[in-house]
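J.: I need the structure of the sequence given here:
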Amino acid sequence: MCQWVQVPCIIFIQVSPTADLTKAELPKLASQWNSSATQVFFDGNKNVHFTVRSKDDLPKEIRGKAFWTKCPEFSESIYELQAEGRFHAIEYINNGTTNKWYWIYYNQNIKRFWTSATLKIIQPEVLGLGNSKAPQLEPQDQQRVHAVSESISSQEEAGPS
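T.: Just a heads-up that it's a prediction; the model follows:
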């Protein structure tokens with residue numbers, strides 16, 4: 001059940017392969033991650049209707065626990081997140097200055113999604129969502145990044161040979 005519209009919904013999960021990340025690669029990927037955000041400009045706290053992305057194009061480090069889904073009632077597919085036993089529609093949005101996750105809702109009268117500045121997800125990392133400053137890494141990625149980071153620190157402390 002897609003609780004955000006209260007109509008039956010079939011959920012399809014698309015899984016991407018594990019990325020081979022090192023700590024040095026994270027800053028390089030940040031610009032790609034930033035360009036993956038949907039552009040929405042807010043007008044104070046007013047509701048803003050927008051066009052959701054047309055494909056599952058967020059890197060897994062940003063997507064985290066969100067999954068791409070298609071509900072038969074809509075022509076659009078969206079990202080969803082399961083929290084507290086319910087499914088919630090979300091979108092990674094660039095508001096002109098920063099990229100953040102927002103709760104989104106569907107307006108059945110005009111067949112468009114909407115959100116507002118007040119619907120920003122406050123602690124996305126708690127829900128397993130990433131962003132360009134705090135990517136969500138799987139345990140094996142975290143171990144690899146930590147090992148590379150320790151190796152670089154050891155080499156820097158040892159100085160030139």
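J.: for Tyr92, what are its contacts?
T.: Residues near Tyr92 by C-beta atoms under 8 Å, 6 or more residues apart in numbering: Ser36, Ala37, Thr38, Leu58, Ile62, Tyr79, Asn99, Lys100, Trp101, Asn131. C-beta coordinates here come from the backbone N, C-alpha and C atoms, glycine included.
J.: Go through these and flag which are in helices.
T.: Ile62 (DSSP state H).
J.: mind giving me a markdown table with the contacts of Tyr92 and columns for distance to Gln142, neighbour count and pLDDT?
T.: Shown next, in a markdown table, are the contacts of Tyr92 (distance: C-beta to C-beta, whole Å; neighbours: other C-beta atoms under 10 Å; pLDDT from 0 to 100):
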| residue | distance to Gln142 | neighbour count | pLDDT |
| --- | --- | --- | --- |
| Ser36 | 21 | 17 | 67 |
| Ala37 | 24 | 21 | 78 |
| Thr38 | 27 | 19 | 86 |
| Leu58 | 19 | 22 | 90 |
| Ile62 | 16 | 26 | 90 |
| Tyr79 | 23 | 23 | 96 |
| Asn99 | 22 | 19 | 88 |
| Lys100 | 23 | 19 | 93 |
| Trp101 | 21 | 26 | 96 |
| Asn131 | 16 | 22 | 86 |
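J.: and the gap between the nearest residue to Thr51 once chain neighbours are set aside and Ile104?
T.: In space, and not counting its chain neighbours, Thr51 is closest to Arg112: 7.4 Å by C-beta to C-beta, 6 or more residues apart in numbering. For Arg112, the distance to Ile104 (C-beta to C-beta, to the nearest Å) stands at 10 Å.
J.: repeat for Pro72
T.: 18 Å.
J.: If you count surrounding residues, which of these two has more?
T.: Legend: neighbour count by other C-beta atoms under 10 Å for Pro72 and Ile104, higher for Ile104 (23 against 9).
J.: What about Phe74, how many residues nearby?
T.: For Phe74, the neighbour count with other C-beta under 10 Å is 19.
J.: average pLDDT across the longest strand seen in the chain?
T.: Ranked by residue count under DSSP state E, the longest strand found in the chain is strand 86-94. Per-residue pLDDT over strand 86-94 has a mean of 93.
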